[in-house]
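> the sequence isn't on hand, but the structure is:
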Ligand SMILES: Nc1ncnc2c1ncn2[C@@H]1O[C@H](COP(=O)(O)OP(=O)(O)OP(=O)(O)O)[C@@H](O)[C@H]1O
C-alpha cells in the first residue's frame with residue numbers, strides 16, 4: 001500500500017489492574033489505510049475495537065505507539081475526524097436542522113446563520129431527511145436519528161469517518177437502507193472510513209478491507225481480508241460474486257475458531273500482517289461473472305481455502 005493516509009504505528013493500550021500491574025488490551029498494533037479506503041474491523045467483544053477507534057478519534061491516547069493521519073500525529077479530537085456512534089448522541093432540545101447546524105457552526109465559525117443552515121440542509125437532504133428539519137429527536141424513529149448523526153458527521157466534511165457499530169440498534173430494513181446510503185455517500189465523497197461491526201455480511205458489503213482481530217486481552221490483528229468485490233457493488237448482487245461465500249466462510253471460521261486460539265507462530269510480524277483473499281488463486285482473481293452467465297454456480301466456484309497474498313506491509 002503506497003498511500004498511508006492513516007498509519008497506526010505500534011500502538012498498545014494498557015489499563016491498571018485492581019491488584020497492581022497492568023492489563024494489556026492490545027499491543028504492537030500496526031495498520032495503514034489509504035485515502036478513500038473503507039475498512040471494517042471485526043473481532044469479539046472486548047478485543048479493543050472501540051479503544052482503537054477512540055484512539056483514532058483522539059478521545060483516548062495509546063499507552064505506546066502513535067497514530068499518524070495525513071502526516072500528522074494525532075494529539076486529540078479534530079473536526080477532520082467525525083465519529084458516528086451506535087447511540088446517536090443528539091442534542092434533544094435542538095431540531096434536526098439545529099443539531100446539524102450546531103456541528104457546521106463549530107467548524108465554520110465566521111459563517112452567517114443563513115450560510116450555516118444552507119450547508120446543514122444540504123446534508124439533511126443527502127441522508128433523506130428533507131421535510132423533517134424542524135422535528136426534535138424525540139419525534140424521530142431510531143433510523144431517522146441515526147441519519148441525523150450521519151448528516152451531522154458528513155456536514156463537517158471530515159477527512160475520516162469513524163463508525164462504531166452505527167447500524168446495530170436499527171431494524172433490518174432500516175439498517176439495509178442506511179448501509180446503502182452510507183456506501184453511496186462515502187463513495188461519492190471519497191471518504192476514508194474506519195468502521196467497527198459484528199455483522200459479517202455488513203462488513204463484506206461495505207468494506208474494501210476487513211481487519212480481523214483476535215480475542216483480548218493481548219489482542220492482535222490476525223490478518224486483513226482483501227475484499228474481492230468491485231468498488232461499485234449492488235446489495236442484490238453481492239452474494240452472486242464467485243468469491244463471496246469463500247470470504248464469508250473465512251471470516252466466520254475466524255470468529256468461531258481461530259480468533260480464540262490464534263497461533264501467531266514464529267513468522268507472524270505485526271508490522272506486516274498477512275493480507276488474504278479467500279478462495280482466490282494466489283496470483284490472479286477472475287473477473288466477476290454473474291451467476292446466470294455459465295453452468296457452474298458461483299457458490300461452486302467459491303469453494304476452496306484462503307490463500308495468503310504476498311505479504312503486504314501494513315505498518
Ligand atoms: N477505562 C477502562 N479501564 C479498564 N479497562 C477498560 C477501560 N475501557 C475499556 N476497558 C477494557 O478494554 C477492553 C476493550 O474494550 P473495548 O470497548 O475497546 O472492546 P470492543 O472490542 O470494542 O468490545 P465490544 O465489541 O463489546 O464493543 C475491555 O476488556 C474493557 O473492559
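Cool, the structure landed. These numbers come from a predicted model, not from an experiment.
> how many other residues sit next to the closest residue to residue 196 other than its chain neighbours?
Distance criterion CB to CB, 6 or more residues apart in numbering; nearest residue to residue 196, sequence neighbours excluded, is residue 49 at 4.5 Å. Using the backbone N, CA and C atoms, a C-beta is placed for each residue, glycine as well. Using other CB atoms under 10 Å, residue 49 has 25 neighbouring residues.
> now do residue 112
If we define neighbours as other CB under 10 Å, then residue 112 has 9 of them.
> now swap in residue 3 and tell me
For residue 3, using other CB under 10 Å, the count is 12.
> in contact with it, which residues?
34-35 (CB atoms under 8 Å, 6 or more residues apart in numbering).
> please apply the same query to residue 130.
Here residue 130 is in contact with residue 124 (criterion: CB under 8 Å, 6+ apart).
> can you classify it as helix, strand or coil?
Per DSSP: H, G, I helix; E, B strand; the rest coil, the secondary structure class of residue 130 is coil.
> quick revisit: state the distance from the residue nearest to residue 196 to residue 41.
For residue 49, the distance to residue 41 equals 5 Å [CB to CB, to the nearest Å].
> go on, residue 146?
For residue 146, the distance to residue 41 - CB to CB - is 19 Å.
> circling back: need phi/psi at the residue nearest to residue 196.
Backbone torsions for residue 49, taken as degrees, to the nearest 10, come to phi -60, psi -50.
> let me know the pLDDT of it.
For residue 49, the pLDDT comes out at 96.
> about what we covered before: joint contacts of residue 49 and residue 41?
196, 213.
> isn't the residue nearest to residue 196 right next to residue 212, touching?
No. Residue 49 is not in contact with residue 212 according to CB atoms under 8 Å; the separation is 11.0 Å.
> next, show the common contact partners of the two.
residue 43.
> let me know the secondary structure of residue 224.
strand.
> residue contacts, the closest residue to the ligand within the stretch 201-315 of the chain?
Per CB to the nearest ligand atom, residue 216 is where the stretch 201-315 of the chain lies closest to the ligand, at 5.8 Å. Counting by CB under 8 Å, 6+ apart, residue 216 makes contact with 25-26, 46-48.
> the ligand next: which of the residues you listed are close?
25, 46-48 (CB under 6 Å from any ligand atom).
> scan those and report the most crowded one.
residue 48 (26 neighbours).
> would you reformat the contacts of residue 216 as a markdown table and include secondary structure?
A markdown table is the format used below for the contacts of residue 216 (three-state DSSP):
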| residue | secondary structure |
| --- | --- |
| 25 | strand |
| 26 | strand |
| 46 | coil |
| 47 | coil |
| 48 | coil |
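> any residues touching stretch 92-100, and which ones?
By CB under 8 Å, 6+ apart, stretch 92-100 touches 90-91, 102, 117, 120-121, 123-124, 129, 132-138, 140, 148, 151-152, 155.
> please pick the buried ones from those residues.
90, 102, 117, 120-121, 123-124, 129, 132-133, 137, 140, 148, 151-152, 155 (16 or more other CB atoms under 10 Å).
> determine which two of the contacts of residue 216 are furthest apart.
26 and 46 (10.6 Å; CB to CB).
> before we move on, the earlier item: tell me the one of the ones next to the ligand among the contacts of residue 216 nearest residue 109?
residue 48 (35.4 Å).
> wait, that closest one touches residue 26, no?
Yes. Here residue 48 reaches residue 26: they are 4.4 Å apart, a contact under CB under 8 Å.
> anything in contact with each of the two?
With CB under 8 Å, 6+ apart as the test, residue 48 and residue 26 both reach 13, 213, 216, 219.
> once you drop chain neighbours, what's closest to the second one?
Closest residue to residue 213 apart from its sequence neighbours, by CB to CB, 6+ apart: residue 43 at 3.1 Å.
> quick check: the one you found vs residue 226, distance?
Distance from residue 43 to residue 226, by CB to CB: 18 Å.
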